[in-house]
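In: here is a sequence with its predicted model. Questions after.
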Amino acid sequence: MNLHGLAFPDDLLYAPEHNLWLREEADGCLTLGLTAYGCALYGQIFAFTPKRDGQRIEQNRSFGVVEFAKAASSARSPLSGILHSSNAEVVRRPALINQDCYGSGWLVRLIADDLALLKTQLLTGAAARQAFAERMARDGFDPLAEGVQVLGD
């Protein structure tokens, strides 16, 4: 799905309040990354500093820090669990987050405490689109002012 020229792949789970996408992996881990909307809000990302692998992360607590144009923000987790691994390539080359946020620009992999419960709290499809549309309206997001390349929405 596209919203204001920003991609939101249909096969992912979303936590709009955190500007994150999640994907369940075959090994049971969840891969987390910043959505296209999060990238548009931050602009060019200059650094990502994750917490240590193996560290316990509580829901709504930081799993790392994203640094962008003269500011930094804690990346907060929509779930509780153990930080399985972080994307070492993104730590070395943070521009990957902006270049391929749904692919090679992923941030961390977590082992969720309660994956079944988490899946009931995350959004997909039309519900995710509606939540992001409402968030963009609340934020006063203007894709043209943000320099977003509109894909013919």
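Out: Looks like it came in fine.
In: what ranges do the strands span in the protein?
Out: For the chain, the strands defined by DSSP state E cover 2-3, 6-7, 13-15, 20-24, 30-34, 45-50, 56-57, 62-68, 71-76, 81-86, 108-112.
In: can you tell me which of these is most buried?
Out: Compared across those, strand 30-34 shows the largest average neighbour count, a mean of 24 (mean count of other CB atoms under 10 Å). The C-beta positions use only the backbone N, C-alpha and C, and glycine is treated the same way.
In: direction included, what does that one pair against?
Out: When pairing is defined by DSSP bridges, strand 30-34 lines up against strand 20-24 (antiparallel), strand 108-112 (antiparallel).
In: CSV please, covering the ones you listed and showing mean pLDDT and distance to A72.
Out: Listed next are the strands paired with strand 30-34 as CSV, based on pLDDT from 0 to 100; distance: least, CB to CB, whole Å:
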stretch, mean pLDDT, distance to A72
strand 20-24, 97, 17
strand 108-112, 97, 17
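In: could you redo those strands as a markdown table and give each row distance to Y14?
Out: Shown next, in a markdown table, are the strands paired with strand 30-34 (distance: least, CB to CB, whole Å):
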| stretch | distance to Y14 |
| --- | --- |
| strand 20-24 | 6 |
| strand 108-112 | 15 |
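In: for these, which one sits closest to S85?
Out: Minimum separation from S85 across the strands paired with strand 30-34 (CB to CB) falls at strand 108-112, 4.9 Å.
In: other residues contacting the closest one?
Out: Residues from elsewhere that reach strand 108-112 (CB atoms under 8 Å, 6 or more residues apart in numbering): 25, 28-32, 50, 57, 63-64, 77, 79-87, 118.
In: for V91, which non-adjacent residue is closest in space?
Out: Leaving aside its chain neighbours, V91 sits nearest to F48 (5.9 Å; criterion: CB to CB, 6 or more residues apart in numbering).
In: and R129, which of the strands paired with strand 30-34 is closest to it?
Out: That would be, of the strands paired with strand 30-34 and by CB to CB, strand 20-24, which comes in at 12.9 Å.
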